[in-house]
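J.: coordinates for the following, if possible.
(one chain, ligands or ions: 1)
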Amino acid sequence: MNKSFDIKDIKVIQAPLAGVTDRVFRGLIRKFGSGCLMTTEMISSEMLCNNPEPRIIQFEEFEHPLSFQLVGHKIDKMTKAAKIVAPFADVIDINCGCPVKKVVVSGDGSAMMRTPKLIYEIIQSIKEAVNLPLSVKFRLGWSLNEENYIEFAKTVESAGADFVTLHARTRSQLYQGSADWKKIGLLKKELKIPVFANGDIKTIEDVKNCIKDSNADGVSVGRGIMGDFTLPYRIEQYFKKGVILPPPSFEEKISMLKEHLNSEIEFMGEKNGVKFMRKFYNYYISQERNCSKYRSVLVRLETRKEILKVLDEILSLHYSNSR
Ligand SMILES: Cc1cc2nc3c(=O)[nH]c(=O)nc-3n(C[C@H](O)[C@H](O)[C@H](O)COP(=O)(O)O)c2cc1C
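T.: Here you go, the predicted model:
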């Protein structure tokens, strides 16, 4: 835990992406220079209370500042889980945004937006038990007819939350359509605590437009980092100095992809690492002309050697394209 942590120093939050944002992912963000606030994947408070395995709670020094994201709807379990992770955390975040069916059926994730009294009590209970900043990540509401993000956020603020992150879509939208950054602007006018904008931020141009629409205190970035680990650092440089650093070239992206693959294999072994990387190829290569067809080839390969060979082929194609 980083004793000097202050949310006012943070402009970028690495958004939690279950099944994506592991230690290697965070290591590469740090390698490319970012001091962003990292977030764990969502951790079930029930599971943590029943089985507090060290693997779930222990992180490396470089991963800090680190927010532990808890999901659940029971006051006692959420409070106990917060106490378990507190010695390792810089922030406790509560997930009120996950739209996935198996999460919302039990009243967790974005279903929590329908029970504001409960979130109030959970926040108060955690704040009493743990001396750490607390944040809440949520959506616009359950559906367009049930948009309650402003009342919900006011409840969260009055319960003692230190900052919030708004993914500007409703639960019913899942990931469809576009995030409505102007609604983050409406929320920003109503709260005293910092507001972080989330949804569809993939470039510095997006950051500029999002801040223009929302006046948010910072941004939370998820899928934009998949395939470009320089993004958090470039956003920070934009906030700090107003400079717009170029995104990585295609060659740099392929070299980043090779490093990502090698590091995951080192971390989890070749079989698991190769499987894990399948979700990333599209993000790394889709924008390059004539290269997206290689995705379906890459996801079928079983060994590092075969993948590296295809990546070299892609690079050769890129060079002949650009001649
Ligand atoms: C694969 C995947 C996993 C996610 N896992 C989580 C999660 O564990 N907790 C959470 O609050 N949001 C989760 N999200 C939502 C993201 O944190 C983020 O709100 C959303 O992707 C929009 O931001 P983006 O456009 O920058 O990706 C997930 C999204 C994706 C695509």
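J.: in the stretch 101-250 of the chain, what residue is nearest the ligand?
T.: residue 222 (2.9 Å; CB to the nearest ligand atom). From N, CA and C alone the C-beta is placed, and that goes for glycine too.
J.: hang on, that residue packs against residue 13?
T.: No: at 9.4 Å, residue 222 does not count as touching residue 13 under the criterion of CB atoms under 8 Å.
J.: quick one, domains of the protein?
T.: 7-241, 250-322 (automatic domain parsing).
J.: what residues does the stretch 201-323 of the chain put near the ligand?
T.: Within the stretch 201-323 of the chain, the residues that sit near the ligand (CB under 6 Å from any ligand atom) are 201, 221, 222, 223, 224.
J.: show me what contacts the second one?
T.: With contact set as CB atoms under 8 Å, 6 or more residues apart in numbering, residue 221 has these partners: 12, 13, 14, 15, 198, 201, 202, 231, 232, 235.
J.: with residue 95 instead?
T.: Taking CB under 8 Å, 6+ apart, one finds 16, 42, 69, 70, 71, 108, 109, 112, 137 in contact with residue 95.
J.: go with 6 Å
T.: If you count contacts by CB atoms under 6 Å, 6 or more residues apart in numbering, residue 95 has them with 42, 69, 71, 109, 137.
J.: what's across from the second one in the sheet?
T.: Under DSSP bridges, the beta-bridge partners of residue 69 are residue 93.
J.: neighbour-wise, which of residue 222 and residue 13 wins?
T.: Ranked by neighbour count (other CB atoms under 10 Å), residue 222 and residue 13 place residue 13 first, with 28 against 20.
J.: for the more buried one, helix, strand, or coil?
T.: Counting by DSSP: H, G, I helix; E, B strand; the rest coil, the backbone at residue 13 sits in strand.
J.: for it, which non-adjacent residue is spatially closest?
T.: residue 220 (4.1 Å; CB to CB, 6 or more residues apart in numbering).
J.: would the one you found count as being in a strand?
T.: Yes: assigned with three-state DSSP, residue 220 falls within a strand.
J.: next up, the contacts around it.
T.: Here residue 220 is in contact with 13, 15, 165, 196, 198 (CB under 6 Å, 6+ apart).
J.: could you redo the last one with a cut-off of 10 Å?
T.: 12-16, 36-37, 39, 135, 137, 165-167, 196-199, 201 (CB atoms under 10 Å, 6 or more residues apart in numbering).
J.: kindly state the pLDDT recorded for the residue of the stretch 101-250 of the chain closest to the ligand?
T.: Here the pLDDT value assigned to residue 222 is 98.
J.: next one: residue 321
T.: Confidence at residue 321, expressed as pLDDT, is 79.
J.: SS state for it?
T.: From three-state DSSP, the assignment for residue 321 is helix.
J.: what sits against it?
T.: Here residue 321 is in contact with 250, 288, 289, 290, 291 (CB under 10 Å, 6+ apart).
J.: cool, and residue 144?
T.: By CB under 10 Å, 6+ apart, the neighbours of residue 144 are 170, 172, 173.
J.: just to be sure, residue 84 is in a strand?
T.: No: Residue 84 sits outside any strand when classified using three-state DSSP, being helix.
J.: wait, what's in contact with it?
T.: Contacts of residue 84 by CB under 10 Å, 6+ apart are 43, 45, 48, 49, 52, 56, 57, 68, 70, 130.
J.: how much space between it and the ligand?
T.: Applying CB to the nearest ligand atom, to the nearest Å, the value for residue 84 to the ligand is 18 Å.
J.: what stretches of the stretch 1-150 of the chain score poorly on pLDDT?
T.: Within the stretch 1-150 of the chain, the segments meeting pLDDT under 70 span 1-3.
J.: alongside the ligand, which residues does it contribute?
T.: Residues of the stretch 1-150 of the chain lying near the ligand (CB under 6 Å from any ligand atom): 15-20, 41-42, 69, 95, 97-98, 137.
J.: just the buried residues out of those residues, in ChimeraX syntax.
T.: To isolate the buried members of these in ChimeraX, using 16 or more other CB atoms under 10 Å:
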select :15,16,17,20,41,42,69,95,97,98,137
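J.: turn the residues of the stretch 1-150 of the chain next to the ligand into CSV, including secondary structure.
T.: As requested, those are arranged in CSV below (three-state DSSP):
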residue, secondary structure
15, coil
16, coil
17, coil
18, coil
19, coil
20, coil
41, coil
42, coil
69, strand
95, strand
97, coil
98, coil
137, strand
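J.: now for the residues of the stretch 1-150 of the chain next to the ligand: which two are most distant?
T.: Within those, 19 and 137 form the most distant pair, 17.0 Å apart (CB to CB).
J.: what are the boundaries of the strands in this protein?
T.: Along the chain, counting by DSSP state E, strands occupy 12-14, 38-39, 43-44, 66-71, 91-96, 134-138, 163-167, 195-198, 218-221.
J.: what's the burial count for residue 53?
T.: Around residue 53 sit 9 other residues, with neighbours defined as other CB under 10 Å.
J.: quick one, what contacts it?
T.: Counting by CB under 10 Å, 6+ apart, residue 53 has contacts residue 47.
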